[in-house]
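Enquirer: what follows is a predicted structure for the sequence shown.
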Amino acid sequence: LSSTVGRVCIGLMGDRYGQLMPLQVSMSASGESLVMLAVLPPSAATLFCFAAVFGFFAGSVVALIAPLLVELLGVHNLPTAFGVACAIQAPAVLVGPVLGGWMRDVSGGYTLSWALPGATMVLVSFTLWLLPTPTHGRQQDQGQQQLKQHDHAQDQTQE
């Protein structure tokens, strides 16, 4: 439930302010919630709060990647850019669960298995602040739209 609400709310925020800032906030909040899960005492209330916060923000991270790629590179480059983004994520998705299990076996608990990925997400969210504010994709797509409208108007005047 919180993932659905988060995707809608953060998506609306992305439509209003651009996709980059909501992605940064969502990734940081997701990572912070993982770290908090690792350090707070285990209880039903802790798990409920974690599920609500993580669900709200983590679903948004996934949902904002494609629109951000469109903002950065334009819709015509989306298939290639999204494929590259998925290829970059693939090793972590493949190795992450195995590494988390190994950390649990070595440490005897899940604290490191939650804290390390959470801290990594927070650090990655900070690197997103280094990206320039996306305008290229939007401007290029708007320019293509205007060119199509101009061509269409010319076709109608010639008829």
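Expert: Perfect, I can see it now.
Enquirer: element containing the residue most central in space within the chain, please.
Expert: The centre of the chain sits closest to residue 61, judged by C-alpha atoms, centre = their mean, with a distance of 2.5 Å. Counting by DSSP states H and E, the element that carries residue 61 is helix 44-73.
Enquirer: quick one: buried residues of that helix?
Expert: Judged by neighbour count using 16 or more other C-beta atoms under 10 Å, the buried positions of helix 44-73 are 50, 52-61, 63-65, 67-73. To be clear about C-beta, it is placed using only N, CA and C from the backbone, and glycine gets the same treatment.
Enquirer: and the next element down the chain from that helix?
Expert: Heading C-terminal from helix 44-73, the first helix or strand you meet, by DSSP H and E, is helix 78-107.
Enquirer: and the angle from the helix or strand just after that following helix to helix 78-107?
Expert: The element immediately downstream of helix 78-107 (helix or strand, assigned by DSSP H and E) is helix 111-128. Between the axis of helix 111-128 and that of helix 78-107 there is an angle of 150 degrees, by axes from the mean of the first three to the mean of the last three C-alpha atoms, to 10 degrees.
Enquirer: and helix 111-128, what's buried?
Expert: Residues 112, 113, 114, 115, 116, 117, 118, 121, 122, 125 are the ones in helix 111-128 that count as buried (16+ other C-beta under 10 Å).
Enquirer: I'd guessed the first one sits against residue 105; true?
Expert: Put plainly, it is residue 112. No: counting by C-beta atoms under 8 Å, residue 112 stays clear of residue 105, with 10.7 Å between them.
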